[in-house]
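Enquirer: based on what follows, work out the 3D shape:
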Amino acid sequence: MEIAINSVLLFLFILFPGIIFLRFYFTGEFTKQFSKRPITETIYLSILPGIVIQGITFLTFKKLVNGNRIALYLETLSDLQSNNFVTLVFDLSTVGYFLLYYLFLIIYAILLSTILYKIVRISGLDKHSPVLRFDNSWHYYFSGEVTKFSSFRNIVEKGRIVDLTYADILIKTSEDKTQLYRGVLRQHTISKETGKLEEIYLMDAYRYSDKIENFKSIPGNIFVIPYNNVLNINLTYLTKEYRNRFNNYRSLVIDTVLLGILILFLVDVFKLYAGLDIKNQILIRLLVAFAWLNLISLFDRFFPYKIREKKSSFYTTIALFVLLVLSLIWIVKIIF
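Expert: The predicted model follows:
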């Protein structure tokens, strides 16, 4: 039984935060890299980030609050023969303290993975280092990011970036016949099970006609080509001048500031800035409310685009209302 309890604690405090870290790190075009992995590999990869996140959370609580209380709680949980086991487990104040600690453990996992992902993507580390490169190689080729690889660096002139990708796709229609299509490559899908390319989506698509010996426009908005029929693909990149470099780092700066503001939440809960005047306390509390609003936006990636588009205004309204009420309560509590 004691071994079972220790296994549960290992999962809750090391493996699960590490899994959350991996889930938020492999996002966007690289989501399938998380879902296609065997569970044993996911658990193995979650150990190191889980330990790092646990260490950061524990040190934060020990510095700002009282980390020794968490250590005592975990030690008692792992010792079924302890006289304090039942009392400690069902002590509401201690359990509440424990849940708050675990909440920030998960929040740190989400924020740290998001920040690391943006550092890797915005700085282009995944394009320059094969070790940091994601498994979805098709994204790099279809988006034109492959032009940042050392092997293809001369494709695009310095100071320019890929704007659009045109694709000439030759498919097999029968045993002895083929058909050539051309269009703007807008999207592709990857198999959740195998991670292989499944479908290619073209806009402004054309079909080569042998009769007129030229390309003929295909009516419609999106032309879908199953990859199992594809013989070869030829990509042509259209480029544009790269001007605004700062905007790429804006979201990274916001998330980093968000992490710092959330640390203030710990300070807020345990009244460690009580010596500040009223204006500064109100300012800090409003910043904390803003931080939580941004944290809610991190969960948008779990919803498909259409669902986000329909429900984003509703979620935003609810979030703003809740945070406004909390902020007012905090402000009134300070004044009165």
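
Enquirer: from Thr40, how far out is the nearest residue to Lys196 once chain neighbours are set aside?
Expert: Closest residue to Lys196 apart from its sequence neighbours, by C-beta to C-beta, 6 or more residues apart in numbering: Ile190 at 6.9 Å. C-beta here means a position set from N, CA and C on the backbone, and glycine is covered the same way. Distance, Ile190 to Thr40, by C-beta to C-beta, to the nearest Å: 22 Å.

Enquirer: which of those two has more neighbours?
Expert: Neighbours around Ile190 and Thr40, counted as other C-beta atoms under 10 Å, are more numerous at Ile190. The numbers are 23 against 8.

Enquirer: quick check: phi and psi on that one?
Expert: Ile190 adopts backbone torsions of phi -120, psi 140, taken as degrees, to the nearest 10.

Enquirer: okay, now the residue nearest to Leu238 when sequence neighbours are not counted: neighbour count?
Expert: Closest residue to Leu238 apart from its sequence neighbours, by C-beta to C-beta, 6+ apart: Leu164 at 4.3 Å. Here the number of neighbours of Leu164 (other C-beta under 10 Å) works out to 15.

Enquirer: contact partners for Tyr208?
Expert: Tyr208 makes contacts with 179-182, 214-216, as judged by C-beta atoms under 8 Å, 6 or more residues apart in numbering.

Enquirer: buried members of those residues into ChimeraX, please.
Expert: Here is the ChimeraX command that selects only those of these that count as buried (16 or more other C-beta atoms under 10 Å):
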select :179,180,181,182,215
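
Enquirer: nearest to Ile106 among the contacts of Tyr208?
Expert: The nearest member of the contacts of Tyr208 to Ile106, counting by C-beta to C-beta, is Tyr181 at 46.1 Å.

Enquirer: report the secondary structure element holding that closest one.
Expert: Secondary structure assignment for Tyr181, by DSSP states H and E: strand 178-190.

Enquirer: what about dumping the CA coordinates of that strand to CSV?
Expert: Output of strand 178-190 as CSV, limited to C-alpha atoms (Å, rounded to 0.1, in the frame of the first residue of the first chain):
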residue,chain,number,x,y,z
THR,A,178,-1.3,10.9,-64.1
GLN,A,179,-2.7,14.4,-63.5
LEU,A,180,-0.8,17.6,-62.6
TYR,A,181,-2.4,20.2,-60.3
ARG,A,182,-1.1,23.6,-59.3
GLY,A,183,-2.2,26.0,-56.5
VAL,A,184,-1.4,28.0,-53.4
LEU,A,185,-0.6,25.6,-50.6
ARG,A,186,-2.7,26.6,-47.6
GLN,A,187,-2.9,23.7,-45.3
HIS,A,188,-2.1,20.0,-44.7
THR,A,189,-3.2,17.3,-42.3
ILE,A,190,-1.0,14.8,-40.4
